[in-house]
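K.L.:
sequence? don't have it. structure:
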């Protein structure tokens, strides 16, 4: 009886291991490394439980408020390329 139980347990564990191996082996790949265009630019702690973070994702800057109650989007803006930011500051200096 004990031998039968141990053989059944070994068979179940073997099937489980085979299933895990098969899932890893035949998992679909996109062909290259995954690009993650997501960056936390800065984080400001308001107090122990609340903070504000600036996140950049796909060229858009998001300002998010984090609290124990959840996350709130405060603002979203399109990011300007670095060259146009430099040109804009130069234009502002010339105008003023």
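P.N.:
Alright, I've got the coordinates. Nothing here was measured: the structure is a model prediction, and the numbers come from that model.

K.L.:
check contacts around residue 76.
P.N.:
60-63 (Cβ atoms under 8 Å, 6 or more residues apart in numbering). For the C-beta atoms, the positions are set from N, CA and C on the backbone; glycine is no exception.

K.L.:
which of those residues fall in strands?
P.N.:
Per DSSP state E, strands hold the following members of the contacts of residue 76: 60-63.

K.L.:
grab the two from those that are most spread out in space.
P.N.:
Maximum pairwise distance in the ones in strands among the contacts of residue 76, criterion Cβ to Cβ, is 10.8 Å, between 60 and 63.

K.L.:
who has more neighbours, those two?
P.N.:
residue 63 (16 against 12; other Cβ atoms under 10 Å).

K.L.:
any idea how far residue 54 is from residue 71?
P.N.:
13 Å (Cβ to Cβ, to the nearest Å).

K.L.:
how about the spatially most central residue of the chain: what's its closest non-neighbour residue?
P.N.:
Against the mean C-alpha coordinate of the chain, by Cα atoms, centre = their mean, the closest residue is residue 38 at 6.4 Å. Counting by Cβ to Cβ, 6 or more residues apart in numbering, residue 38 lies nearest to residue 57, which is 4.9 Å off, once chain neighbours are set aside.

K.L.:
can you pull the pLDDT of the residue nearest to the centre of the chain?
P.N.:
pLDDT recorded at residue 38 is 83.

K.L.:
neighbours of residue 53, how many?
P.N.:
Residue 53: 17 neighbours (other Cβ under 10 Å).

K.L.:
on that earlier part again, overlap of the contact sets of residue 71 and residue 54?
P.N.:
Counting by Cβ under 8 Å, 6+ apart, the residues touching both residue 71 and residue 54 are residue 64.

K.L.:
Validate this expectation: residue 7 resides in a strand.
P.N.:
No. Under DSSP: H, G, I helix; E, B strand; the rest coil, residue 7 falls outside any strand and is assigned helix.
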